Structures are given as structure tokens and as C-alpha cells.
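Peer 1: What follows is a predicted structure for the sequence shown.
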Amino acid sequence: MYDTIIIGAGMSGLAAGVRLAHFGRKVCILERHGTIGGLNSFYRQRGRTYDVGLHAVTNYAAKGARTGPMARLLRQLRLAWDEWALAPQLGSVIMFPAAGLRFSNDFSLLESEVRCRFPRQTDNFRRLVASLHDYDQLGQSGADRSARQVVSEIIDDPLLVEMIFCPVLFYGGSREHDIGFDQFSILFRSIFLEGLARPLAGIQRILTILARRFKEQGGELRLKAGAARIVVEQDAVKKIVLEDGSELEARNVLSSAGWTETMRLCDDGHVEEATASNRISVVESISILDSQPRALGHEQTIIFYNDSDKFHYEKPDDLVDLRSGTICSPNNFAYPEPLDEGILRITALANYERWAALDSEAYRRAKQEWVEKLMESAARFVPDFRGSVIGGDMFTPLTIHRFTGHTGGAVYGAADKRRDGTSHLKNLYICGNDQGLVGIVGAIISGISIANRYLLK
């Protein structure tokens, strides 16, 4: 009998496991794949390691900082800042045809850019920043109003509104067009007020640290051990049946698999079906270059681009939407030494159903076709790098579904969040994207918070 079984060895599940194991709880993490990480994972192909999902770690805090999510998770997990080996961004930009806004981990740069490009909005922008909800208010502020409505009531220049929403939605928007103001506040803080950084060895470093700490404290991690069914008796989880037919029992179960995906495992008929139609997914191409991006004239860490004054954050009719996207160079962080190879990651909105309808040969051809189209689209906003590409790969909504199990390849989980982490069963809880916190730090904080609130009592 375990104290807690955790479904999923992603960031939130691993963090919850570390927190519980630290206090002597008997914990088992179940992972149906042969590797850990979920959405934020990695794989090897032709001698190279590719990150899935990682552009940057948001919520950056400099060494010695005592406040904010980064400082909190380090304290809660008993980790040292140096273990993460984080390098801050060099500088990023939001690019629309009519204007560009540079930003860095020094918020005063974005303030000065708004003052220069949108002088009439200077005071309004300050009012917006002052109105942001704090992290502890997530889900506690009453009715979660439309962020677009709130922001548009403060900032009366439509172009600036669209430019603000572009990075916020690309880094955490789980539904089309809009986001709740609670979550907007968290994402705005994490991107602009705190900032972006990246571990030198990519996502593998963070995952290795969490898994090692979990095992050192007596936690049990089972790979290739997927949960097939949650057996329910008298409004509680009785046991978990694994895909190999074996059974495990625990006093509590914490799932990071997603709300709908977890409900489908329950054998009491409590199923809430989710369709792909209201879920956001993406494709991402990863180009390996024969030189550093800065040698080609590309110096920004991340470019959030849109090719018109209106930003359309929605599932496209075609396989991919080329109107907007992000261009991230892992090379353009302040590392003590440059990375061995140049890398550009291009991300754009995608249609899960269109990709899922392709047979294997059509899928292969579509990946080749859209890699070329993505690079052509990106070349409108960065120096043309296509002649320097020597390798790469691409992942699609089907890749996201394979790594996470999320319906519709939903990159940020369900559109509606379960912020208190509870379920209809008295000993079944939810953490991760569907609890409402996104990004690497957000997922880790989610696991910690649910463990503290319900499982350490």
C-alpha cells in the first residue's frame, strides 16, 4: 500500500513526488513511456538530442532571489540555484508589421519600448501592470473575467493589445482567442516581469535532477507502466490496474495526465468527453545550422511574430497557420560557452484532426512540406538561414498526443481548468496543465502545491 500513486512522470508529477518523498511518504510514480518528461521531454535521433516543448524556462530569478515562483520551488524541493545552470535570455522581440517591441529580463526595456512606440499608452500600460493578480490569487479572484475584455478596458490601442496577447497566448493559451485574466496575469508576470532563461543541457538536465532527487529520497519510479483503469468504490479510488494487468493500491492518487484523460480511466462512468475542436495544438520545426545564428545576423532569443495587425489565436483550417508563430534560438542565451551547433526552433498553430487524418506516407510528406513552409515563413522576420541548415526534425500535434496523451494534441491541456485540483472522488487529485499552471516552473509549482494542500496533511 502506497501513501500516494502519481500518474505521469512529467514536471508536475515528478515535483509532487519529490515533495512527498522528502517527508517520508511512500510514493510511486507511474509513467507509460520509457522516458520521463511528458510534454517537456527529449529524444535522440541521428546522434543529436532534441528537446520536445522547451523554448525557455519562464519565471527566471537571479541567484539569491528570495521571492517569486522560482525561489519558491527551489526551497520546496531543496534544490540549489546552481543545479539548474540557467542562462538568461539575451533579448527577445514581438514583431508585427506596424511595430516591434523588444523585451528582456529587465522589465524597464519593455516599458521604454511601449513609451517610444505607443506614447499615448504609457500610463495605461503601467495601470495594466498594477492590475495584475498575484500568483496566490489564481482561481481565488471570483469569476475569471475575459483577459481581452480587461486589457482592452485599460489599453485603448488595439494594436498594442494584440502585441501583448501574442506571447502570452503562445506560451500558455489553452483555448482559442482569449484567456482568463487570472491566467493572463500569471503568464504576463512569468514572461515579462520575471523573464526567460534556459538550462545549458536543455530539458534533460531539469528532468534528471528531479528524478534523481525523487529516487534518493526513496521514491519509486516505474517506466513503461501505464495506468489502464482506476477502480472506484464508495466515492474513492480503491486501486489502479496497470496496462500489464497488475494492480496497485494507495491512500491517494494524484494524476498529471489531464482532467478528461483521468476521468476516462475511472470505472464509475464519470466521463467528461473532450473534443479536439476547442483545444490548441502546434507544430514545431527544429533546424540545425552550420554556424551560430548570431553569425547569420540573428541575435534575438525569441521572436513572437504576426503578419498583420490582428492576431488570430485559433485552430487553423489548414494543417498549419503560417500567419503567426515563434522563432527561438537556444544559442541566444547568455551561456558561458557557445553551444556546439546552431539551432532555430519555429513554432506555429496547427490542426490536430487534419494531421490525424493522414496515412503514414502522407504524414511523412506533409512534415517535409511544412518544414519548408515554416522556414520560408520565418525568413520574413529573421535573416534567411535556409542555406545554413544541415539537419533537423519536426514534431506535430500527433507527437504531442503521443508524449502526453492529451486529447487533440492540446499543448496546454484542456480549455477549462480545475484550479483547486480536486475531483469527484475524495482521494483523487489533479496537477499539471489542467490544474491551471503552465510552463516548466508552473507545472512544478502545481505539483508542489497540490502535494502540500492535500497529500501532506
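Peer 2: Structure received.

Peer 1: hmm, who's touching stretch 315-325?
Peer 2: If you take C-beta atoms under 8 Å, 6 or more residues apart in numbering as the criterion, stretch 315-325 is touched by 166, 170, 176, 277, 279-281, 283, 305-308, 311-314, 346-352, 354-355, 366, 370, 373-374, 377-378. C-beta: built from backbone N, CA, C; applies to glycine.

Peer 1: go on, stretch 185-194?
Peer 2: Counting by C-beta under 8 Å, 6+ apart, 58-61, 68-70, 103, 105, 107, 110, 129, 132-135, 137-138, 164, 167-168, 171-172, 179, 437-439, 441-442 sit against stretch 185-194.

Peer 1: Of the residues you listed, just the buried ones, ChimeraX syntax please.
Peer 2: Of the contacts of stretch 185-194, the buried ones go into a single ChimeraX selection, burial set by 16 or more other C-beta atoms under 10 Å:
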select :58,59,60,61,68,69,70,103,105,110,129,132,133,135,138,164,167,168,171,172,179,437,438,439,441,442
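
Peer 1: so of the contacts of stretch 185-194, which ones are in strands?
Peer 2: Members of the contacts of stretch 185-194 lying in strands (criterion: DSSP state E): residue 103.

Peer 1: Pretty sure residue 454 sits against residue 252.
Peer 2: Yes - assessed by C-beta atoms under 8 Å, residue 454 is found in contact with residue 252 at 7.3 Å.

Peer 1: what is in contact with those two at once?
Peer 2: Counting by C-beta under 8 Å, 6+ apart, the shared contacts of residue 454 and residue 252 are residue 429.

Peer 1: Just want to know which of these two has more residues nearby.
Peer 2: Using other C-beta atoms under 10 Å as the criterion, residue 454 and residue 252 rank with residue 252 on top: 22 against 17.

Peer 1: So the more buried one sits against residue 429, correct?
Peer 2: Yes - assessed by C-beta under 8 Å, residue 252 is found in contact with residue 429 at 6.9 Å.

Peer 1: shared neighbours, those two?
Peer 2: By C-beta under 8 Å, 6+ apart, the residues touching both residue 252 and residue 429 are 454-455.

Peer 1: Helices of this structure, residue ranges please.
Peer 2: Residue ranges of the helices in the chain, as given by DSSP state H, are 11-22, 69-76, 81-84, 107-117, 122-131, 147-154, 158-170, 181-188, 203-216, 259-265, 352-356, 360-378, 397-404, 439-450.

Peer 1: most tightly surrounded among those?
Peer 2: Among those, ranked by average contacts under mean count of other C-beta atoms under 10 Å, first place goes to helix 11-22 (a mean of 28).

Peer 1: Who are the packing partners of it?
Peer 2: Packing contacts for helix 11-22, counted by 3 or more C-beta pairs under 8 Å, 6 or more residues apart in numbering; DSSP states H and E, involve strand 2-7, strand 27-31, helix 203-216, helix 439-450.

Peer 1: Would you format these as JSON lines with distance to residue 242 and mean pLDDT included?
Peer 2: Below are the helices and strands packed on helix 11-22 laid out as JSON lines (distance: least, C-beta to C-beta, whole Å; pLDDT from 0 to 100):
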{"stretch": "strand 2-7", "distance to residue 242": "10", "mean pLDDT": "97"}
{"stretch": "strand 27-31", "distance to residue 242": "7", "mean pLDDT": "97"}
{"stretch": "helix 203-216", "distance to residue 242": "19", "mean pLDDT": "92"}
{"stretch": "helix 439-450", "distance to residue 242": "21", "mean pLDDT": "92"}
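
Peer 1: How confident was the prediction at the residue lying closest to residue 295 once chain neighbours are set aside?
Peer 2: The shortest distance from residue 295 to any non-neighbouring residue, by C-beta to C-beta, 6 or more residues apart in numbering, is to residue 342 (7.8 Å). We have a pLDDT of 94 for residue 342.

Peer 1: Go ahead and confirm residue 351 touches residue 281.
Peer 2: Yes - with contact defined as C-beta under 8 Å, residue 351 reaches residue 281; the gap is 7.4 Å.

Peer 1: Now the common contact residues for those two.
Peer 2: 315, 397.

Peer 1: Spatially nearest residue to residue 169 (excluding sequence neighbours)?
Peer 2: Nearest residue to residue 169 in three dimensions, chain neighbours excluded: residue 313, at 4.6 Å (C-beta to C-beta, 6+ apart).

Peer 1: how much space between residue 376 and residue 385?
Peer 2: Distance of residue 376 to residue 385, computed by C-beta to C-beta, to the nearest Å: 11 Å.

Peer 1: Oh, that last question was meant for residue 366, not what I typed.
Peer 2: As judged by C-beta to C-beta, residue 366 and residue 385 stand 22 Å apart.

Peer 1: Residue 46 now?
Peer 2: Here residue 46 is placed at a distance of 20 Å from residue 385 (C-beta to C-beta).

Peer 1: Looking at the two, which has the bigger crowd around it?
Peer 2: With neighbours defined as other C-beta under 10 Å, residue 46 and residue 385 compare such that residue 385 has more, 22 against 9.

Peer 1: What number of neighbouring residues does the residue lying closest to the more buried one once chain neighbours are set aside come out with?
Peer 2: Once flanking residues are discounted, residue 385 sits nearest to residue 296: 5.4 Å by C-beta to C-beta, 6+ apart. Residue 296 sits with 19 neighbouring residues when counted by other C-beta under 10 Å.

Peer 1: what does the model give the nearest residue to residue 175 once chain neighbours are set aside for pLDDT?
Peer 2: Spatial nearest neighbour of residue 175, chain neighbours left out: residue 415 (3.6 Å); criterion: C-beta to C-beta, 6+ apart. In this model, residue 415 is scored at 82, pLDDT.

Peer 1: average pLDDT for stretch 185-193?
Peer 2: 94.

Peer 1: residues making contact with stretch 368-380?
Peer 2: For stretch 368-380, contacts defined as C-beta under 8 Å, 6+ apart pick out 283, 285, 287, 305, 307, 319-320, 322, 325, 327, 344, 346, 348, 385-386, 389, 392, 394.

Peer 1: could I get that stretch in CSV with only the CA atoms?
Peer 2: What follows is stretch 368-380, C-alpha atoms only, in CSV (Å, rounded to 0.1, in the frame of the first residue of the first chain):
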residue,chain,number,x,y,z
GLN,A,368,8.7,17.7,-45.2
GLU,A,369,6.4,20.2,-47.0
TRP,A,370,5.6,22.1,-43.9
VAL,A,371,9.2,22.3,-42.6
GLU,A,372,10.0,24.2,-45.9
LYS,A,373,6.9,26.4,-45.5
LEU,A,374,7.7,27.2,-41.8
MET,A,375,11.3,28.2,-42.7
GLU,A,376,10.1,30.3,-45.6
SER,A,377,7.6,32.0,-43.2
ALA,A,378,10.2,32.6,-40.6
ALA,A,379,12.6,34.1,-43.1
ARG,A,380,10.3,37.1,-43.3
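
Peer 1: Now do the same contact list for residue 6.
Peer 2: The contact partners of residue 6, by C-beta under 8 Å, 6+ apart, come to 13, 16-17, 27-30, 253-256.

Peer 1: same thing but at 10 Å, please
Peer 2: By C-beta atoms under 10 Å, 6 or more residues apart in numbering, the contact list for residue 6 reads 12-17, 20, 27-31, 214, 219, 221, 250, 252-257, 429, 431, 447, 451, 455.
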